[in-house]
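Asks: 3D, please:
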Amino acid sequence: MRSFRNHFFTIILLFLLTLIPTSIGLAAGGVITLDFKNADIRDVLRSLAGQEGVNIYVDNDISGKVTISLNKVTFIEALTIITKNNDLAFTKTDNVYYIKYLEDPILNVQYSEDKLYVEARRIQLVTLLETISQKSGANLVPAPELNEKVSLVIGPAPLEDAVKALLSQTNCIGETIGEVTMVRKKSTVQYSFTVNYQDNLLTVDAKEIPLPVLCRGITEKTGVSIVPDQNLNQNVTIFFQNLIIPDSLALLCEPNGLVFFKEGDAWRIARQSGSYRIRFKDNLLTVAADGIDISVLAKEISRQSGVNIMLDRDVRGTISANFQSLPLFQGLSIILEHQGWYIEKQANHYLIRADQLQNKNIRIFYDPETELFNLDIKSAPLTQVLDDMARKAGHNIVILAQVNWTVNNVRLKGYNFTQVMDFLFKGTIFTYKLTDDTYIIGDGLVARPENSDFAMVKIYPIKYMKADQMLNSLPPVLPRQNIVQLPEKNALIVTGPPNVHQLFTEYLEQVDVAGIEDNTEVIKIKYLKAEEVLKLIPPSIPKGDLIVLKEANAIVVRGPQNLVHQVKSYIDKIDIVNPLIVFDIQVIQVSDTKGFTWNAPQGAIKLGNGDELHISPGKGSVTLIDPEKKLYKDDEKGIIGSLTLLLQNGDAKIIANPTITTLNGYPAKFNVSTKRSYEVQTISSTSSEGSTSTSNTVKTYESGLRINITPWVSANNQITMEVKPEISEFGDAPEGSDLPSTFERSTETTVRVNDGETIIISGLKNTRKEKTVSKIPILGHIPIIGLLFTNYSTRDVQDEFVIVITPTLVYDQTAVPDENDLLKKFSPKLKYEIDPESVTEEEKKKYKIKDKK
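Replies: Reported below is the predicted structural model:
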């Protein structure tokens, strides 16, 4: 009984002790304290309900993790904070708090034109993948463990990119097997840490996690490869939020004695090693470093010098350098240029950047204190050199598209920005212009609209010279294509940059001076025609200053003395004696009626007595040969005598024997012809009226002999002749026509002979009808009865025409009259214009002629 009593008191005491905290909490005003980290939201709500002693119903769709820390808040305040920050709402019904989402679930998947749009709110991931597969045709197979709900918006984007974004946001990976993609969660299951990556910002919460495991988790979440060295197995504890990848790696590595740098598209983490010694004294920097991270070196230099040094996010790696007592900027430049970095001097700090377009052939050093450049360039693009210079000097620059040039070899020291550009542009067509504190680089010579900013247009009046003469005498250093003549004002229009205008102005001051006076001089032509000489003047001599005087066969030159001398010198070279050529021409008709033939290819004429007359055109001689005795009989009279023998025997007849004289290079023509006129009747009808009209016209036909010869005499007195003979004659009229027919034979040849040699042209043959009348003596002449004693016969006769041409040069021409004799027929004023020296002082006074200045 006593034992029972003791147990009873014990139970009562324990019950009272359980009531004490409740009484204390109520006495404190019903406040609540919550502290949860990465906990399930349903567990947090369950704990809140237990502390307050109320009933809470949580909808089955609600899930997720929360991290919350509340101190001394009321139940309603705590519930409001939790629900509001997780898109939830609560209502109280019959002493029960109901928790549900503010908005209903949404699933909107659209696939059109190979682009996918996804909008999901609190949708099972499995359901979302199945819907995308149905819409797009992609085989996305979810793993069994994918039972979470997701909320996201993607697209419209290409299908492959949209699926990658979906997997990244849901912390999943896709494994392709044939045409099927298996979707499963990324795995780092043996360690508990948090990695979030959104909007390119990284959040990490890890405690005592091996570095390789943490790097793997970050790689899976971000898609950026982060690879630690194999000997790095240390555990790290770190927490940071919303940092970019380089800043995140810096925060991860530096406190743990590590360094990181980029290799291709991946980041590598290694253990920090090496040593360094830095001293900054009297504004001079001394550095001795071996394998030291650039960030460590920059921090130490910044600490000692008091200068803020900022590193761009891409500047990562180790460096080695050794120099003494250099100015700060020069020392930093030496360190950075070998690593492919460069330094910019900002308002209150130095900024170190990575040079993405580094060219090993370009070495440019810029000192911001003196604003001077040192350059060492070999075979580098001009645009890259200008861009590097402007970037280091902090200048604005615009390089137009037509700037395309290679700098061959440049080494400069101690020049400012504009001086360097002046050197780089020498020998090129490029120039620059400073507009609104910006340098514009472009083409200054080629005239096109985009170059209007560089080229100036200016008119230069020419005072003493002629504009066309100056235009033709421009030196090569001036761009001829940019200078145009303005004839109306005797001026030149120059288009180009300032340096071109400066060159032209200097040239104009030298040549267009008052000392150059216009002269007028008459140049007599001795042997040629003045009109022909004017045609032979070369383009380099302006023909606008030359006038032809036909009466005096002279050319008047107006212009400066150098022009007069140039024309006179040229005329002296071409105005030489033009010899006369006398052509002795014989046209001989040889027929076959006497029983012999003319064998032109063998150069022989077979005579009736059996002898052969051999004609040698090359020697200009004829040889008579007896075929039986093989004797040669030279005919001292030559070709003419031989042909005379033929004529005397009746074997040939001369139908033309002209002698023609012409000048060298001018054609000689011979024409012996007969013209016959015939009346031709033409009948025409009018279709509208049906009437006809008759008209008579006269047509003229010509036949005869025409010979055209054009000779040229060479320096050794050989004569080249172009010979074109043509023979035509009338024939019988065709049937049904009153108009005659004509027979024409022609040939054409070019030969070269010596002075006095003879050429023979043959081959012009003609076949004609020859009628013969035979009568018996006495009886055949009796009228009427005589017809019985007369015989008429017709036979075909073949004639061949042989042309014999003998050219002879004649140099002894009539002397040219004295110049003064020719000028006597002109008035004194005109004589003074032609030749001032031919006018006497008395004539000047008499006719009031003023001297030329």
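Asks: any idea whether N404 is helix, strand or coil?
Replies: The local conformation at N404, judged by DSSP: H, G, I helix; E, B strand; the rest coil, is coil.
Asks: Report how many residues lie close to it.
Replies: Residues within reach of N404, counting by other CB atoms under 10 Å, total 11. Bear in mind the C-beta positions are built from the backbone N, C-alpha and C, glycine included.
Asks: That one and D443, how far apart?
Replies: From N404 over to D443 the distance is 10 Å, taken as CB to CB, to the nearest Å.
Asks: T505 too?
Replies: Taking CB to CB, one finds T505 at 22 Å from D443.
Asks: for Q419, same thing?
Replies: If you go by CB to CB, the gap between Q419 and D443 works out to 21 Å.
Asks: Name the residues contacting each of N404 and D443.
Replies: Counting by CB atoms under 8 Å, 6 or more residues apart in numbering, N404 and D443 have no common neighbour.
Asks: Quick one: the helices in the stretch 551-700 of the chain, in order.
Replies: Along the stretch 551-700 of the chain, the segments classed as helices by DSSP state H, counting those that start in this stretch run 561-574, 638-648.
Asks: try the stretch 101-250 of the chain
Replies: Using DSSP H, counting those that start in this stretch, helices in the stretch 101-250 of the chain cover 125-136, 159-169, 211-222, 245-253.
Asks: Quick one: those helices as JSON lines, columns for distance to N55 and mean neighbour count too.
Replies: As requested, the helices of the stretch 101-250 of the chain are exported to JSON lines (distance: least, CB to CB, whole Å; neighbours: other CB atoms under 10 Å):
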{"stretch": "helix 125-136", "distance to N55": "32", "mean neighbour count": "18"}
{"stretch": "helix 159-169", "distance to N55": "36", "mean neighbour count": "17"}
{"stretch": "helix 211-222", "distance to N55": "39", "mean neighbour count": "20"}
{"stretch": "helix 245-253", "distance to N55": "45", "mean neighbour count": "20"}
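Asks: who wins for proximity to T772 among the ones you listed?
Replies: Shortest distance between T772 and these, using CB to CB, is found for helix 159-169: 112.3 Å.
Asks: now what about the closest one, what contacts it?
Replies: Contacts of helix 159-169 (CB under 8 Å, 6+ apart): 111, 114-118, 128, 132, 136, 138, 140, 150, 152, 154-157, 172-174, 181, 183, 197-198, 221, 223.
Asks: swap in stretch 777-786?
Replies: Under CB under 8 Å, 6+ apart, the answer for stretch 777-786 is 775, 789-790.
Asks: Apply 6 Å and report the result again.
Replies: With CB atoms under 6 Å, 6 or more residues apart in numbering as the test, stretch 777-786 has contacts from 789-790.
Asks: Can you pull the domain assignment for this structure?
Replies: The chain breaks down by automatic domain parsing into domains covering 13-101, 106-185, 194-268, 357-444, 455-511, 519-577, 582-591+652-810, 816-853.
Asks: Show me the shaky parts of the stretch 51-200 of the chain.
Replies: 187-190 (pLDDT under 70).
Asks: Could I get the full set of strands for it?
Replies: Using DSSP state E, counting those that start in this stretch, the strands found in the stretch 51-200 of the chain span residues 55-58, 65-73, 88-93, 96-101, 106-112, 115-124, 140-142, 149-158, 172-177, 180-185, 194-198.
Asks: Would you mind listing the buried residues in the fifth one?
Replies: Spelled out, it's strand 106-112. The neighbour-count check on strand 106-112 (16 or more other CB atoms under 10 Å) flags 109, 111 as buried.
Asks: Measure how far it is from the centre of its chain, please.
Replies: 50 Å (CA atoms, centre = their mean, to the nearest Å).
Asks: other SSEs contacting it?
Replies: For strand 106-112, the elements it packs on are strand 115-124, helix 125-136, judged by 3 or more CB pairs under 6 Å, 6 or more residues apart in numbering; DSSP states H and E.
Asks: ok, now the third one?
Replies: Helices and strands touching strand 88-93, by 3+ CB pairs under 6 Å, 6+ apart, are strand 96-101.
Asks: One more pass at 7 Å, please.
Replies: Using 3 or more CB pairs under 7 Å, 6 or more residues apart in numbering; DSSP states H and E, the elements in contact with strand 88-93 are helix 75-84, strand 96-101.
Asks: circling back: more neighbours: which of T505 and D443?
Replies: When T505 and D443 are compared for neighbours, D443 comes out ahead with 21 against 13, by other CB under 10 Å.
Asks: Apart from its chain neighbours, what residue comes closest to that one?
Replies: Nearest non-adjacent residue to D443, counting by CB to CB, 6 or more residues apart in numbering: Q402, 4.7 Å away.
Asks: show me where pLDDT drops low in the stretch 501-650 of the chain?
Replies: Applying pLDDT under 70 to the stretch 501-650 of the chain flags residues 514-518, 592-648, 650.
Asks: Let me see the ranges of the strands in it.
Replies: 519-524, 546-549, 554-559, 580-591, 598-599, 604-606, 612-616, 621-626, 631-634.
Asks: wait, Q681 sits on T694?
Replies: Yes: using CB atoms under 7 Å, Q681 makes contact with T694 at a distance of 6.2 Å.
Asks: residues contacting D584?
Replies: D584 sits next to 659, 806 when contact means CB atoms under 7 Å, 6 or more residues apart in numbering.
Asks: Quick check: beta-bridge partners of it?
Replies: When bridges are called by DSSP bridges, D584 pairs up with T659, T806.
Asks: would you turn the domains of the chain into a markdown table with distance to I301?
Replies: Formatted as a markdown table, those follow (distance: least, CB to CB, whole Å):
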| stretch | distance to I301 |
| --- | --- |
| domain 13-101 | 41 |
| domain 106-185 | 40 |
| domain 194-268 | 17 |
| domain 357-444 | 17 |
| domain 455-511 | 44 |
| domain 519-577 | 70 |
| domain 582-591+652-810 | 88 |
| domain 816-853 | 81 |
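Asks: Among these, which comes closest to V315?
Replies: domain 194-268 (9.3 Å).
Asks: and the end-to-end length of that closest one?
Replies: 21 Å (CA to CA, to the nearest Å).
Asks: Same question for stretch 150-170.
Replies: For stretch 150-170, the end-to-end distance is 7 Å (CA to CA).
Asks: what's the distance between it and the middle of its chain?
Replies: Relative to the centre of its chain, stretch 150-170 is centred 45 Å away, using CA atoms, centre = their mean.
Asks: mind giving me a markdown table with the helices and strands packed on strand 88-93 and columns for mean neighbour count and distance to Q510?
Replies: Formatted as a markdown table, the helices and strands packed on strand 88-93 follow (neighbours: other CB atoms under 10 Å; distance: least, CB to CB, whole Å):
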| stretch | mean neighbour count | distance to Q510 |
| --- | --- | --- |
| helix 75-84 | 17 | 90 |
| strand 96-101 | 17 | 93 |
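Asks: Out of these, the one nearest R353 is which?
Replies: helix 75-84 (45.0 Å).
Asks: quick check: angle from that closest one to strand 88-93?
Replies: With axes from the mean of the first three to the mean of the last three CA atoms, to 10 degrees applied, the angle from helix 75-84 to strand 88-93 works out at 140 degrees.
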